[in-house]
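In: Sequence and predicted structure are below.
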Amino acid sequence: MSKGNFRTPKKANAYKDPVKVYCRIRPLPLGSTESCISSVNDTEVRLSPPQESHAARVNNCDETSHHFERVFKEDVSQKELFDTFALPLVEDVVRGKNGLLFAYGNTCSGKTYTMTGSSSEIGVLPRCLDVLFNTIKPYQAKKCIFTPNKLNSFDIRTEAEASFERQYKATNQAQGTPSRSKRKVDYSKRYHEGMTVQGIDEDNAYTVFVSFVEIYNNYIYDLLDDSSFEIARTLSSKALREDSTRGMYISNVTEVEVADADAAYAQLIKGQQRRRVAYTKLNHESSRSHSIFNIRLIQAPLDDDGETVLRDSSRIATSQLSLVDLAGSERTARTNNEGVRLKEAGNINSSLMVLRTCMECLRDNQANQVKKIVPYRDSKLTYLFKSYFEGEGKVRLVICLNPQAADYDENLHVMKFASITQDVTVTRAKDININQGLTPGRRRANIIYKEVVKSMRFEDDGEHSETPFSLGRLFPNYLMTAPDDKDILPALMEFLRERSAHRAALQIELKHRAEITSKDREVQSLERKLKNSTEKMALLQQNLNSLETENKTLEHQIVAERRAADEERRERGRLKEAVRGAVFQEREKWEKECDKRVKATQFNMKSKLWETDEKLRLLREIVENTPTKASKPSEGMVTRPRAHEKPEGAVTRSRAQEQRMSSAKNMSDVTNMNQETPKSSVKSVKGREVKKYLRRSQPSDIWLEHKPDENVDEGIIFQIDTLLQLNLRKKKTVETPKVNDFAKAQANHYVLEHQEEDSQGEIETQLIKGDVFETETGGHSVHFTDVEVLQKRKSIEINACVVIRRKRRSSEGSADWTDVETRCSIAIEGRPNMSPAISHKPLKSENVCSESMQKSFNKIKL
Ligand SMILES: Nc1ncnc2c1ncn2[C@@H]1O[C@H](COP(=O)(O)OP(=O)(O)OP(=O)(O)O)[C@@H](O)[C@H]1O
């Protein structure tokens, strides 16, 4: 973004200058004799109302005095005018500040004459251009370096881009149809202002762009747009926009880069020719529009070498001088305009009225410190001026007065407008500094350097030659009078020979220089390569150093990680060893425990077997009625385990068993046995076995039948009676023998009914019989004498279940209830059926014991 556009002032520390208003009185037009204006001094004019004026007739006005910054009389020259109020504006533009100069007055009051003038008496505008170009000429940038970016600012092209653009424009210009405006006009014959202004920054490069527009019927038209005027021939109005610095600008307006004052002047003339001018009663070349000629000076600092423009768009400074020729206010009563002219006049007057209103509003705001809205937008003219009145810069107004008496009333209005405007203030622009940080005097240093280099080249060429490669001294001025002139011909031949030799020497020299140049180039290229290689080496070395550092760091990391890994491995080993030790200890412990338990189990089993054997021996004694000696163990019989063989944990059980055994042998309280006739539903069971039994049974025998409860569990039919069919003559049946049952029944025999189901589901019924004896202490003891095994029956076939009702004495605890002895002592018989709800699964060891016992019983029977 370029600097120097319409910057918004900081109100706190901003200085303000009033709008300076100048007054120019034109000479009386031809045919007019009476003047209503007289200049009192350089700053005051007096207006005298003529008799016929409206003011005199209606308001009865007197003379009025009006003060200005400067009053220019009829005989003032264009130059004096320019020097007084326009030159300072040019100086400001060169220093990067904005300026506005506008001419205001009635029609035919000399506004256009003041601003533009004629070719002999050029106006303010061409003089501004002349002075500007005179000032910047030595510092002008090459064409096309700066380019508008359509956003009211500029960009910088490179030399190559600029060169390409120049060629492109030159080609287009050559191929295009020469337009009326492009026809060669010799502006060199016009008067040229030779002045320059001071204060230019020599270290900047400068370029001037000009644009020219008119505001006609409140529309903006581009007067330099060739495509509108000469190609399409349809004019399109332009829009007003606000840029980033809140400056107003005309969007897409044609901005022409001009190389010199004549080129700029040519654009002015071109625009003037396109401007709407018409004949009116008061002015045969009356401007029907407001015209605005913009001169934009672009400046940017040179680079460090002072040779080319620094490519930094932020350092571009743009300053603008707007020269405005307003259309003249006019009264229709005087002009007698009709139609288009009347409409034009209406628009002109209304826009001027808006301008006056804006000035009044601004003045009131500034005087009374209020913020009334200034109606800039009511007219394109005032909207465009907004940048100047709200921004920074200088505003100058030239009041043009036609002194003829007929213009008195209009002049009075103009005076009022001038009076209002000169009370308005505008913020003073600050100096720009776009060379900050750059060496001052770069351009001058570069010029001196170039001159020195040039002079050194000439010194190298030696004394013989005037120019680097001349053929020697100049051709002698021989004048031959005859073809065989003996004086001139030899001298000429000598000269030519000398010249030829010199040329040969020069050729050798040239060749030598070429060689030197090529060698120099080679050396330079080698030096460049060397420099590049050195830089690359330095870079590589740098990289190497950084890589080495990185490598060292990584090595350190690896060592640290290895250490950590070793430590972890050691720790894991330690843990492993600890776990292994713990496992080993645990295993040993469990092995010992298992051994102990196995031994205990074995001991228990041996004890059981011994008990069984012992019991069998007793039974055999009973059966055979021959007392046998306790114990020579036969084959397959178990010897009694010794106390020292007793393992830990087997003590309790073994003792309990022995106690039970003892209680079984010495049972003193056994009750009587009853016998009931069983209701047999299974005839095959009772048959032969019961008869055999009955044959052995004597009539005097009284039996105490010990059998478990019927219907121990619901749904189970207890049918032990039907199975046995004992048919005993006298019997008493008890479920659980009590102490006095034997005495009551006077039983001398005891029978225990027992049923057991084997793994094939067959039910085996056993009758364990014994004799009852009275003991000396008055009790009863039972000596078991026989175990009778009845035929096995399938439990399903007989459709009967034998339910075991376990009635243990509390003292028995968890004693092994499955052994026969125990059941005898606690009066249990039967064996559970298949029903899982009530089945009892004895320990494996118990099963083993039971089987072996069964074998023994079978043997006994046989
Ligand atoms: N100071 C002057 N000296 C000599 N001739 C002048 C002067 N001022 C104006 N004229 C002449 O008066 C005529 C009208 O002047 P000009 O066109 O400049 O008036 P204007 O104010 O621009 O009018 P409009 O507003 O209608 O365009 C021109 O022919 C011009 O040459």
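Out: Structure received.
In: only C-alpha atoms for contact and neighbour calcs from this point on.
Out: OK.
In: In CSV, could you pull the C-alpha coordinates for the host helix or strand of Cys23?
Out: Using DSSP states H and E, Cys23 falls within strand 20-25. Extracted in CSV, the C-alpha atoms of strand 20-25 (Å, rounded to 0.1, in the frame of the first residue of the first chain):
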residue,chain,number,x,y,z
LYS,A,20,-6.9,30.3,1.3
VAL,A,21,-9.2,32.1,-1.1
TYR,A,22,-7.8,34.3,-3.9
CYS,A,23,-9.8,36.7,-6.1
ARG,A,24,-9.2,37.3,-9.7
ILE,A,25,-11.0,40.0,-11.5
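In: which strands and helices sit next to the helix or strand following it?
Out: Where DSSP H and E defines the elements, the next helix or strand beyond strand 20-25 is strand 37-39. Counting by 3 or more C-alpha pairs under 8 Å, 6 or more residues apart in numbering; DSSP states H and E, the packing neighbours recorded for strand 37-39 are strand 44-47.
In: Would you map the helices across the stretch 101-250 of the chain?
Out: With DSSP state H, counting those that start in this stretch, the ranges of helices along the stretch 101-250 of the chain come out as 111-115, 124-136, 159-175, 226.
In: Out of those helices, the one nearest the ligand is which?
Out: Closest to the ligand of the helices of the stretch 101-250 of the chain is helix 111-115 (C-alpha to the nearest ligand atom; 3.6 Å).
In: ok, residues contacting the closest one?
Out: Helix 111-115 is touched from outside by 78, 103-105, 123-125, 323-326, 400, with contacts defined as C-alpha atoms under 8 Å, 6 or more residues apart in numbering.
In: try stretch 217-230
Out: By C-alpha under 8 Å, 6+ apart, stretch 217-230 touches 179, 211-215, 233-239, 253-255, 267, 270-272, 274-275, 289, 343-344, 347-348, 351, 379-381.
In: let's see it at 7 Å
Out: For stretch 217-230, contacts defined as C-alpha atoms under 7 Å, 6 or more residues apart in numbering pick out 211-215, 234-238, 253-254, 271, 274-275, 344, 347, 379-380.
In: repeat for stretch 439-458
Out: Contacts with stretch 439-458, where a contact means C-alpha under 7 Å, 6+ apart, come from 202-203, 304-307, 468.
In: next one: stretch 71-85
Out: 22-27, 42-44, 121-124.
In: about what we covered before: narrow the contacts of stretch 217-230 to those in strands?
Out: In strands, defined here by DSSP state E, the members of those are 211-215, 237-238.
In: Please name every helix or strand in contact with the strand or helix carrying Lys511.
Out: Assessed by DSSP H and E, Lys511 sits inside helix 488-624. For helix 488-624, the packing partners by 3 or more C-alpha pairs under 7 Å, 6 or more residues apart in numbering; DSSP states H and E come out as strand 780-789, helix 844-861.
In: One more pass at 10 Å, please.
Out: Where contact means 3 or more C-alpha pairs under 10 Å, 6 or more residues apart in numbering; DSSP states H and E, helix 488-624 is packed against helix 651-665, strand 762-774, strand 780-789, helix 820-826, helix 844-861.
In: relative to strand 780-789, how tilted is it?
Out: Counting by axes from the mean of the first three to the mean of the last three C-alpha atoms, to 10 degrees, helix 488-624 lies at 110 degrees to strand 780-789.
In: Which strand or helix spans the residue of the stretch 451-600 of the chain found nearest the ligand?
Out: Relative to the ligand, the nearest point of the stretch 451-600 of the chain is Glu451 (49.3 Å; C-alpha to the nearest ligand atom). Here Glu451 sits within helix 442-460, counting by DSSP H and E.
In: Enumerate the positions of that helix that are buried.
Out: Using 16 or more other C-alpha atoms under 10 Å as the test for burial, helix 442-460 gives 442-443.
In: Export that helix to CSV, keeping only CA atoms.
Out: C-alpha atoms of helix 442-460 as CSV (Å, rounded to 0.1, in the frame of the first residue of the first chain):
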residue,chain,number,x,y,z
ARG,A,442,22.9,7.1,-3.0
ARG,A,443,21.9,8.5,-6.4
ARG,A,444,24.7,11.1,-6.3
ALA,A,445,27.3,8.5,-5.3
ASN,A,446,26.2,6.2,-8.1
ILE,A,447,26.6,9.0,-10.6
ILE,A,448,30.1,9.9,-9.4
TYR,A,449,31.0,6.2,-9.5
LYS,A,450,29.9,5.9,-13.1
GLU,A,451,31.8,8.9,-14.1
VAL,A,452,35.0,7.6,-12.5
VAL,A,453,34.6,4.2,-14.2
LYS,A,454,34.1,5.9,-17.6
SER,A,455,37.2,8.1,-17.1
MET,A,456,39.3,5.1,-16.1
ARG,A,457,38.4,3.4,-19.4
PHE,A,458,39.6,6.3,-21.4
GLU,A,459,42.9,6.4,-19.5
ASP,A,460,43.5,2.7,-20.4
